[in-house]
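**Student:** I would like to see how this sequence folds:
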Amino acid sequence: MMIDWSDLRYVLETVRHGGLSGAARALQVNHATVARRIAAAEKACGAVLFDRLPGGYAPTQAGMEAARAAESMEAASAKLDLSIAARDQRLSGPLTVTAPQLIVERVLASILADFHAAHPHIELTLLSSNETLNLSQRQADVAIRISDSPLETLVGSKVSEQRAAVYVSHAYAERLKADPRPPLDWIRFSHWSGPPMDLGLSWPERRIALTVDDMIAAIGAVRAGIGATRMPCFLGETDPALTRLPDVGLFAYPGIWVLTHRDLQRVRRVETFMEFAAARLRQLRQTFLGDPQA
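**Tutor:** Residues are numbered from 1 along each chain as shown. Here you go, the predicted model:
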């Protein structure tokens with residue numbers, strides 16, 4: 001009996017994610033479905049692909065070989081998909097865009113709305129995620145990314161440099177005015193050691209007021225007046241509840257890119273969206289740089 005390719009996908013994802021739970025999440029099915037499809041693959045090839053251990057599924061040698069074969073088939077399928085897509089010159093059909101959540105909220109949503117109004121026959125899908133999706137696997141057609149050096153397999157343009165600044169709430173800023181140099185309450189990220197060294201001269205006394213694990217939480221904490229934190233200017237400048245911390249300059253921050261896979265760059269709807277989005281994002285250069293004179 002020949003193994004069904006769709007069953008091999010379940011084998012591959014189980015190996016990739018180290019067990020049924022990860023595979024189920026990746027494939028958006030339940031555990032029972034993954035286990036059933038693996039059993040079907042084992043029956044078809046006449047070999048045990050996973051040892052069922054108390055700690056979960058562990059791939060056998062045959063399971064690893066099956067996963068490698070599935071990975072090669074996946075790559076070939078993606079290559080064919082890209083090749084066929086590159087011939088599509090319709091200004092209609094599906095278009096998937098991925099971008100970080102806060103870029104979507106602050107600047108991209110209105111751009112998408114205007115693009116949809118101009119091109120109603122293009123069926124937009126937005127993947128609002130901070131994860132780096134694989135464009136070669138057609139997880140998305142266009143990516144709006146914040147990066148210093150995008151992957152070489154991607155093509156497009158840097159639409160703007162970026163800067164970051166330190167922001168506080170208006171109420172916290174007023175408290176600082178009342179006491180010229182109190183200890184600065186700092187909202188730190190769990191992956192940062194603490195306030196940037198550049199604050200040393202302006203705010204030599206600092207204390208950690210709160211540790212957070214993402215930017216959305218940090219913004220909420222700053223709005224609540226807990227303290228100060230550093231964030232890209234496009235977030236601070238577009239939030240009426242925030243103001244810059246006095247006597248602190250701007251910081252370097254990775255730029256904004258509009259990118260696609262090189263095999264998709266001549267697809268008409270991809271090219272049209274990239275030109276539209278890039279032009280609109282370039283108009284926001286002053287906001288990205290935090291400089292009204294830029």
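**Student:** where exactly do the strands run in this structure?
**Tutor:** 50-53, 56-59, 93-99, 122-128, 142-147, 154-169, 184-189, 206-212, 229-232, 242-244, 251-261 (DSSP state E).
**Student:** Mean neighbour count for the ones you listed - can I get that in JSON lines?
**Tutor:** The C-beta positions use only the backbone N, C-alpha and C, and glycine is treated the same way. Compiled in JSON lines, the strands of the chain are given as follows (neighbours: other C-beta atoms under 10 Å):
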{"stretch": "strand 50-53", "mean neighbour count": "13"}
{"stretch": "strand 56-59", "mean neighbour count": "17"}
{"stretch": "strand 93-99", "mean neighbour count": "20"}
{"stretch": "strand 122-128", "mean neighbour count": "15"}
{"stretch": "strand 142-147", "mean neighbour count": "22"}
{"stretch": "strand 154-169", "mean neighbour count": "20"}
{"stretch": "strand 184-189", "mean neighbour count": "21"}
{"stretch": "strand 206-212", "mean neighbour count": "15"}
{"stretch": "strand 229-232", "mean neighbour count": "24"}
{"stretch": "strand 242-244", "mean neighbour count": "20"}
{"stretch": "strand 251-261", "mean neighbour count": "20"}
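**Student:** closest to residue 12 out of these?
**Tutor:** Ranking the strands of the chain by their distance to residue 12 (criterion: C-beta to C-beta) puts strand 56-59 first, at 10.1 Å.
**Student:** residues in contact with that closest one?
**Tutor:** Here strand 56-59 makes contact (C-beta atoms under 8 Å, 6 or more residues apart in numbering) with 14-15, 18-20, 38, 49-51, 67.
**Student:** picking that back up, output the strands of the chain as TSV; include the columns distance to residue 220 and mean pLDDT.
**Tutor:** Supplementary listing: these in TSV, determined by distance: least, C-beta to C-beta, whole Å; pLDDT from 0 to 100:
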stretch	distance to residue 220	mean pLDDT
strand 50-53	43	87
strand 56-59	37	86
strand 93-99	21	92
strand 122-128	18	93
strand 142-147	20	92
strand 154-169	11	94
strand 184-189	10	93
strand 206-212	9	93
strand 229-232	11	95
strand 242-244	11	96
strand 251-261	20	93
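**Student:** All good on my end, thank you.
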